[in-house]
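A.B. asks: Quick one: sequence and predicted model below, then my questions.
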Amino acid sequence: MNIRNFSIIAHIDHGKSTLADRIIELCGGLSSREMTSQVLDTLELEKERGITIKSQTVSLSYKAKDGQEYQFNLIDTPGHVDFAYEVSRSLSACEGAILLVDASQGVEAQTLSTCYNAVEEGLTIIPVLNKIDLDQSDPERIKQEIEEIIGVDASDAPCISAKMGTGISDVMEQVVTLIPPPEVDSESEVQASIIDSWFDNYLGVVSLVRVVKGKIKKGDNIEIFSRKEKHSVDKIGVFTPKIKDLDELCSGQVGFICASIKEIRGAPVGDTIIKANSDTPRLEGFREVNPQVYAALFPQSADDFESFREALEKLCLNDASLQYEPEHSEALGAGFRCGFLGTLHMEIISERLNREYGMDLIATAPTVAYEVTGADGVTQRIENPSALPDYSKVKSIQEPIARANILVPETYIGSVMKLCNDRRGKQISMRYVAGQAELIYDLPLSEIVVDFFDRLKSVSRGYASLDYSLDRYELSDVIKLDILLNGDKVDALAYMAHRSVATSKGQQFTEALKEVIPRQQFDVAIQAAIGGKIVSRQTVKAYRKDVTAKLYGGDVTRKMKLQKKQKAGKKRMKNIGRVEVPQDAFLSVLRVKD
């Protein structure tokens, strides 16, 4: 069988899903009546936002010009930096990758990063120029850019328009001739790598697998290597992109299997499927991914905690980069502290929990993990600001530093450098390539995760692109900013900041909170404190009732007596009153602008 396994990789919005649509059309995977735009973007959220969140696989049959029939296993991958783990898992199931570059925008930071990952995996790279139907496209300049920046020969790169369907067959022929077929070994004991899993209410856990050795047939007894649990395979197939049932999957193929696994964690991503009771070794898994951003999620109703836990488990099976552990907050009750790859990832997870599982959640402000060395010399990792020990017991705090790669047109270099310097960045290198500048900066991760990407896009009018990865931990003068409401610390609003900006952050934070905390029958004092020192205060004024309105004439003492009585009532109310903290209060951390 002539098999070609390949992914489509590119920066966000360079036309990966549209190219996948055209390939499906050309191979006859769906009839013209069944075709929709971005057919592989199956989540409602993906269609709404116009971004790919989940990698999707499709198996197609293609008749090449040499007269032979080829089976294409195509994986459409996300382009945003927050879903890089999805891409790395997809690449491990392929022998080649189509590197799609927008012929009007050129090479961008994420193109570079994903391409390097593909090279590390030993994949064959086929550069393809998309959007040549646009007036501003300049294929010759972009080919030169690909060669100079990435170092891939692009002299005979196909120039296509995925939207209009121009040049798609050229891409297919290059896939046939340039991408090597997978190594086929159908006689050995079965070894299959789990690329992705999701939970189906009727079928149990469905696993997307790449069969490396042997064959998997219906009725086979298999074992999940790490869990040592035996299962019987009752459904096998591929997506064309419709579900197509098969009797067996052979070495080199990518498809799905169901084995009535009802336990949510029954088939973890990255695990190996082997024959039951055999001593076949496991395959090398995917590299471990560490979350970059942490936030706590709490159900709005305490009764929903158990269903929230179940929803998180199911989502975790589908998104292996999500990590979580239980947490309790005095202000918000029981919830989970979750680890995400970035703020977009956090936003998407919250939205999916809401839409797919009906969860109404409160999310705290995103923070990064710090390494704290105590006076006793023991270093621990702190992901939650409220878990930071007392300063008298802290010897040093190290904050995570990210290596950021920014590609920007020469016109906007000044404003981008100013932004990086304002965010405590250190310039490592700068080079000019094909009309663009490549800036390498070391930036504190805490400065990147909240709104750096938005600011970068606004100062460069949308032309700059960013890719970053955690580089190291570095000694830093980081302190905890506590927020107090009427003298009580709200643990969920605690915030870590560098000493140089902590006071101004505290002032901006209290002002932002004043706008969102509702007025009560008593004054609400909002304070920001560093240790025992209050650095900022705002007051939400109480509703007033004019108790002297009914008086007329007479001595002033009558008026004073009523006001004194009102004052005593307000004081008693303040002692027993509780301030409700709305969801907007946590989001106001994100709105604290420069």
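C.D. replies: Structure received. Numbers count the residues shown, from 1 in each chain.
A.B. asks: check contacts around Ala375.
C.D. replies: Contacts for Ala375 were tallied using C-beta atoms under 8 Å, 6 or more residues apart in numbering; they are 392-395. C-beta: built from backbone N, CA, C; applies to glycine.
A.B. asks: So which of these are in helices?
C.D. replies: By the criterion of DSSP state H, membership of those in helices covers no residue at all.
A.B. asks: Now rank the residues you listed by neighbours and give me the top one.
C.D. replies: Each of the contacts of Ala375 was scored by neighbours using other C-beta atoms under 10 Å; the highest score is Val394's, at 16 neighbours.
A.B. asks: gap between it and Tyr370?
C.D. replies: Using C-beta to C-beta, to the nearest Å, Val394 is found at 10 Å from Tyr370.
A.B. asks: Tell me the residues that contact both of those two, please.
C.D. replies: Taking C-beta under 8 Å, 6+ apart as the criterion, Val394 and Tyr370 both touch Leu388.
A.B. asks: Which strand in the protein has the most residues?
C.D. replies: Identified as the longest strand of the chain according to DSSP state E is strand 394-409.
A.B. asks: buried residues in the helix or strand following that strand?
C.D. replies: Once the chain leaves strand 394-409, the next helix or strand it forms, by DSSP states H and E, is helix 413-422. Neighbour counts using 16 or more other C-beta atoms under 10 Å place 413, 415-417, 419-420 of helix 413-422 among the buried residues.
A.B. asks: If you count contacts, what does helix 413-422 end up packed against?
C.D. replies: If you count contacts as 3 or more C-beta pairs under 8 Å, 6 or more residues apart in numbering; DSSP states H and E, helix 413-422 packs onto strand 394-409, strand 436-444, helix 452-459.
A.B. asks: Now pLDDT and distance to Gly151 too, for the contacts of Ala375, in TSV please.
C.D. replies: Output for those, formatted as TSV (pLDDT from 0 to 100; distance: C-beta to C-beta, whole Å):
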residue	pLDDT	distance to Gly151
Ser392	76	53
Lys393	81	50
Val394	80	46
Lys395	84	45
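A.B. asks: All the helices of the stretch 51-200 of the chain, residue numbers only.
C.D. replies: With DSSP state H, counting those that start in this stretch as the criterion, the stretch 51-200 of the chain has helices at 84-91, 109-120, 139-145, 168-178.
A.B. asks: in this structure, which segments are predicted with low confidence?
C.D. replies: Scanning the chain for pLDDT under 70 picks out the ranges 1, 29-55, 79-84, 109, 285-289, 331, 434, 547, 549, 570-594.
A.B. asks: What residues does Lys505 make contact with?
C.D. replies: 481, 495, 497, 528, 592.
A.B. asks: would you turn those residues into CSV with secondary structure?
C.D. replies: Conversion of the contacts of Lys505 to CSV gives the following (DSSP: H, G, I helix; E, B strand; the rest coil):
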residue, secondary structure
Leu481, strand
Tyr495, strand
Ala497, strand
Ala528, strand
Val592, coil
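A.B. asks: Name the member of these with the most neighbours.
C.D. replies: Across the contacts of Lys505, neighbour numbers were computed from other C-beta under 10 Å; Ala528 holds the maximum, 26 neighbours.
A.B. asks: unless I'm mixing things up, that one is touching Ile534, no?
C.D. replies: Yes - contact between Ala528 and Ile534 holds when scored by C-beta atoms under 8 Å: they sit 7.2 Å apart.
A.B. asks: Pull the CA coordinates from stretch 422-431 and hand them back as PDB.
C.D. replies: Extracted as PDB, the C-alpha positions of stretch 422-431 are listed here (Å, rounded to 0.1, in the frame of the first residue of the first chain):
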ATOM      1  CA  ASP A 422       9.300  48.600  29.200                       C
ATOM      2  CA  ARG A 423       8.500  45.000  30.100                       C
ATOM      3  CA  ARG A 424      12.000  44.500  31.600                       C
ATOM      4  CA  GLY A 425      13.300  42.700  28.500                       C
ATOM      5  CA  LYS A 426      17.000  42.200  27.600                       C
ATOM      6  CA  GLN A 427      18.000  42.200  24.000                       C
ATOM      7  CA  ILE A 428      20.000  39.100  23.000                       C
ATOM      8  CA  SER A 429      20.400  39.600  19.300                       C
ATOM      9  CA  MET A 430      19.000  41.400  16.200                       C
ATOM     10  CA  ARG A 431      19.400  40.600  12.600                       C
END
